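**Student:** build me a structure from this.
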Amino acid sequence: MARSDLAPPLAAEARSAPQVYMVGGGIAAMAAAAFMIRDGDVFGQNITIFEESDRIGGSLDGAGSAEEGYVLRGGRMLESKYLCTFALFDSIPTLDGSETVTQETFRWNETMKTASKSRLFRDGHRQTAPKFGLSEGHVLTIERLVLEPEFLLGRSSIAEQFDAAFFKTDFWFMWCTTFAFQPWHGAVEFKRYLARFAHMVEGFSRLRGIMRTVYNQYDSLVRPLHLWLSQRGVRFALDTRVRGLGFAAHGTDRTVEHILLERSGSEDRIAVSPRDYVMVTLGSMTEASSLGTMLSAPKPGTKQDGGAWTLWESIAAGRPNSGRPGVFADHVEQSRWVSFTTTLHDPTFFRLVRDLTGNVPGEGGLITFPDSAWLASIVLPHQPHFIGQPENVQVFWGYGLAVDRPGDFVKKPMAACSGHEIMTEILGHLRIGAEADAILGACICIPCMMPFITSQFLPREKGDRPEVLPEGSRNLAFIGQFCELPDDVVFTVEYSIRSAQCAVYGLLGLHKKPPAVYQGKFDARVLLKAFRALHDITS
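**Tutor:** Have a look, this model is predicted:
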């Protein structure tokens, strides 16, 4: 696939300007393209985004239909301190052009404030604002972690910092299911989350402060951004896998000189000049994801089923400043879990959950079953959740963290369960009996196995994640969840967009910086409220 195959010939002025090549079509690359155009005055038609799948959006996906079932692999949490995210989308109109995406999101969250009345659900009953149940020793450990330098923690795990009782507290059940932490995940990432979301601890048992988009994040964020980029001439090369990068050495420096591509079974090589730019999304949370059906479980995948991890391995081979992909990609048993999306053609389930929890869809947020062997959770969003979703159809999403344990009502590991079996387990925890058969007969539950979904949380140390602008690289930047950004937290839209902003400003030499990461840990008022919440002081 030569450059001329991707778009019509460029105007003379555009031909003489640098070309920009993005590897990966997720939110990081799309944001980088927007920053290139908006802040760097780069021609949109000079930007090419290579994506190995047949659609853009990366992990912020949404697909399917009412007839075949909708699918969401997951959705990232939003909150008001995502300064890079909302600054970007303040420039992006909604699909109907009536306002910006940022304006729409804030307006929507004034109307639909998250206020959970059933954050935990036990024995068929809701628990409203459950107490954290932390000991003084647990609180002291949390405070120590917030203050302790990351290099002292090294590759230690959360389990190495706390006693066994901590992992039975309601604080842990709520924290781990909100953010998808496991006890064996890295203490450094846990520390960053504690510091980054210190301002949310006070309302955490009710999920106060968590924001949502009007529709799923593909429809509400990805589609408007895709439209904006397309209108400006950005080229999207789908079904195109980047196999490798070729480098030229300049003393101790290096420059990307070509990109190796594969498309439709044939290979191609694109020449890259020293004045061009290459931005690579490293790794992938959703690489090798596989879908099941109502009658079949999803099949396990490996890093060989896609190109993201193998590309990073090829870039990092012999180049220490490009990170260590094996730290994140070679421990699937510690990074996988199963999500599921259920499409309902009968309102009974939504009505029953509303009556059991006290929340209307979109208001309550995540509902966790702490006694579940799978540590399962569900969330019923406001309907419609997809643009074009019929009025008589509802969609909800859920996931389980402990996918290798037999269920409580279905005596099989979640990883081996079909959609029918997963819904049976959820109905059991909700204590829905008489209506269960009718609900199962009117729903389509599609499970999704994601081998690498929490790989960015695995224990790591300095150097495992490369810098956004690796030392000695003249025209290369790394973006996404697996590059290093001080203070900010992975598994968020904000991290991807911040990495893109840092990469663009750095490569172009702009005298600009992204907004600083919000540091509530330095606000005495935030700390006092968090202290009282951690000690279950409510008066």
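**Student:** and Phe236, bridged to which residues?
**Tutor:** On the basis of DSSP bridges, Phe236 is bridged to Ile49.
**Student:** go on, the one 10 residues further on?
**Tutor:** On DSSP bridges, the residues paired with Gly246 through beta bridges are His258.
**Student:** packing partners of the helix or strand in which Ile422 is found?
**Tutor:** Taking DSSP states H and E as the definition, Ile422 sits inside helix 419-429. In terms of contacts (3 or more Cβ pairs under 8 Å, 6 or more residues apart in numbering; DSSP states H and E), helix 419-429 is packed against strand 337-344, strand 376-379, helix 436-441, strand 443-450. For glycine as for every other residue, the C-beta is placed from the backbone atoms N, C-alpha and C.
**Student:** doesn't Gly364 make contact with Lys113?
**Tutor:** No - the pair Lys113 / Gly364 is not scored as a contact, 10.9 Å apart, by Cβ atoms under 8 Å.
**Student:** who has more neighbours out of the two?
**Tutor:** In this view Lys113 and Gly364 are compared by other Cβ atoms under 10 Å, and Gly364 has more residues nearby, 24 against 14.
**Student:** ramachandran angles for that one?
**Tutor:** phi -90, psi -30 (degrees, to the nearest 10).
**Student:** hang on, the earlier thing: of the helices and strands packed on helix 419-429, which is nearest Ser499?
**Tutor:** strand 443-450 (20.9 Å; Cβ to Cβ).
**Student:** would you confirm that Val23 contacts Tyr277?
**Tutor:** No - the criterion here is Cβ under 8 Å, and Val23 misses it with Tyr277 at 11.5 Å.
**Student:** so Phe166 touches Ile142, yeah?
**Tutor:** No - in this structure Phe166 lies outside contact range of Ile142 using Cβ under 8 Å: 9.3 Å.
**Student:** quickly list what's touching both of the two.
**Tutor:** Leu134 (Cβ atoms under 8 Å, 6 or more residues apart in numbering).
**Student:** just list what the lengthiest helix in the chain packs against, helices and strands only.
**Tutor:** Longest among the helix segments of the chain by residue count, using DSSP state H, is helix 493-508. Under the contact criterion of 3+ Cβ pairs under 8 Å, 6+ apart, helix 493-508 touches helix 27-40, helix 83-89, strand 277-281, strand 476-479.
**Student:** residues making contact with the helix holding Ile422?
**Tutor:** 121, 292-295, 338, 340, 342, 369, 371-372, 374, 376, 378, 398, 407-410, 412, 414, 417, 433, 436, 439-440, 443-447.
**Student:** list only buried entries from those.
**Tutor:** Buried by 16 or more other Cβ atoms under 10 Å: 121, 292-294, 338, 340, 342, 369, 372, 374, 376, 378, 398, 407, 410, 414, 417, 436, 439-440, 443-447, out of the contacts of helix 419-429.
**Student:** that older thread, now render the helices and strands packed on helix 419-429 as a markdown table, adding mean pLDDT.
**Tutor:** Shown next, in a markdown table, are the helices and strands packed on helix 419-429 (pLDDT from 0 to 100):
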| stretch | mean pLDDT |
| --- | --- |
| strand 337-344 | 98 |
| strand 376-379 | 98 |
| helix 436-441 | 98 |
| strand 443-450 | 98 |
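**Student:** those: which one's closest to Phe190?
**Tutor:** Closest among the helices and strands packed on helix 419-429, using Cβ to Cβ: strand 337-344, at 17.1 Å.
**Student:** tell me which strands and helices the helix or strand just after the closest one is in contact with?
**Tutor:** Proceeding N to C from strand 337-344, the next assigned helix or strand is helix 348-357, under DSSP H and E. In terms of contacts (3+ Cβ pairs under 8 Å, 6+ apart), helix 348-357 is packed against strand 394-400, helix 436-441.
**Student:** show me the protein divided up by domain.
**Tutor:** 3-60+219-284+307-322+462-508, 120-208+519-534 (automatic domain parsing).
**Student:** related to what we said a few turns ago, what comes up buried for the longest helix of the chain?
**Tutor:** 493-505, 507-508.
**Student:** so which of the helices and strands packed on helix 493-508 is nearest Asp536?
**Tutor:** That would be, of the helices and strands packed on helix 493-508 and by Cβ to Cβ, helix 83-89, which comes in at 31.1 Å.
**Student:** which parts of the closest one are buried?
**Tutor:** 83-86, 88-89.
**Student:** OK, contacts around Tyr518?
**Tutor:** 81, 83, 196, 199.
**Student:** doesn't it fall inside a helix?
**Tutor:** No - secondary structure of Tyr518 (DSSP: H, G, I helix; E, B strand; the rest coil): coil, not part of a helix.
**Student:** what segments of the stretch 101-250 of the chain are helices?
**Tutor:** 101-111, 136-147, 150-153, 170-179, 187-196, 217, 223-231 (DSSP state H, counting those that start in this stretch).
**Student:** relative to helix 187-196, how tilted is the longest one?
**Tutor:** What that stands for is helix 136-147. With axes from the mean of the first three to the mean of the last three Cα atoms, to 10 degrees applied, the angle from helix 136-147 to helix 187-196 works out at 90 degrees.
**Student:** ok, the last one next?
**Tutor:** Relative orientation of helix 223-231 with respect to helix 187-196: 100 degrees, computed using the same axes, to 10 degrees.
**Student:** where does pLDDT dip in the protein?
**Tutor:** For the chain, the stretches flagged by pLDDT under 70 are 1-15, 539.
**Student:** and with 50 instead?
**Tutor:** 1-5, 7 (pLDDT under 50).
**Student:** coming back round to it: and the angle from the helix holding Ile422 to strand 443-450?
**Tutor:** 100 degrees.
**Student:** gap between helix 419-429 and the chain center?
**Tutor:** On the basis of Cα atoms, centre = their mean, to the nearest Å, helix 419-429 sits 25 Å off its chain's mean C-alpha point.
**Student:** quick one, phi psi at Gly74?
**Tutor:** According to degrees, to the nearest 10, Gly74 has phi 170, psi 180.
**Student:** report how many residues lie close to the closest residue to it other than its chain neighbours.
**Tutor:** Leaving aside its sequence neighbours, Gly74 sits nearest to Ser339 (Cβ to Cβ, 6 or more residues apart in numbering; 5.5 Å). Counted by other Cβ under 10 Å, the residues lying close to Ser339 total 23.
**Student:** test my guess that Ser339 contacts Thr454.
**Tutor:** No - look at Ser339 against Thr454 with Cβ under 8 Å: they stay out of range, at 11.7 Å.
**Student:** can you list the helices and strands packed on helix 348-357 in JSON lines and add distance to Leu534?
**Tutor:** Converted to JSON lines, the helices and strands packed on helix 348-357 look like this (distance: least, Cβ to Cβ, whole Å):
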{"stretch": "strand 394-400", "distance to Leu534": "26"}
{"stretch": "helix 436-441", "distance to Leu534": "39"}
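**Student:** before we move on, back to that, let me know the closest of the buried residues of helix 83-89 to Ala31.
**Tutor:** Leu88 (5.7 Å).
**Student:** ok, now which ones touch that closest one?
**Tutor:** Counting by Cβ under 8 Å, 6+ apart, Leu88 has contacts 31, 34-35, 497, 501.
**Student:** before we move on, back to that, next SSE after the longest helix of the chain?
**Tutor:** Remark: after helix 493-508, the chain's next helix or strand is helix 524-534, criterion DSSP H and E.
**Student:** the inter-axis angle of that following helix versus helix 170-179?
**Tutor:** 120 degrees.
**Student:** and helix 524-534, what does it pack against?
**Tutor:** Of the remaining helices and strands, none touches helix 524-534 by 3+ Cβ pairs under 8 Å, 6+ apart.
**Student:** can you pull the contacts of the closest residue to Cys502 other than its chain neighbours?
**Tutor:** With sequence-adjacent residues excluded and distances taken as Cβ to Cβ, 6+ apart, Cys502 is closest to Val468, at 4.7 Å. The neighbourhood of Val468, defined by Cβ under 8 Å, 6+ apart, consists of 477-479, 483-485, 499, 502-503, 506.
**Student:** now for the residues you listed, which pair is the farthest apart?
**Tutor:** Top of the distance list for the contacts of Val468 (Cβ to Cβ): Glu484 and Gly506, 13.1 Å.
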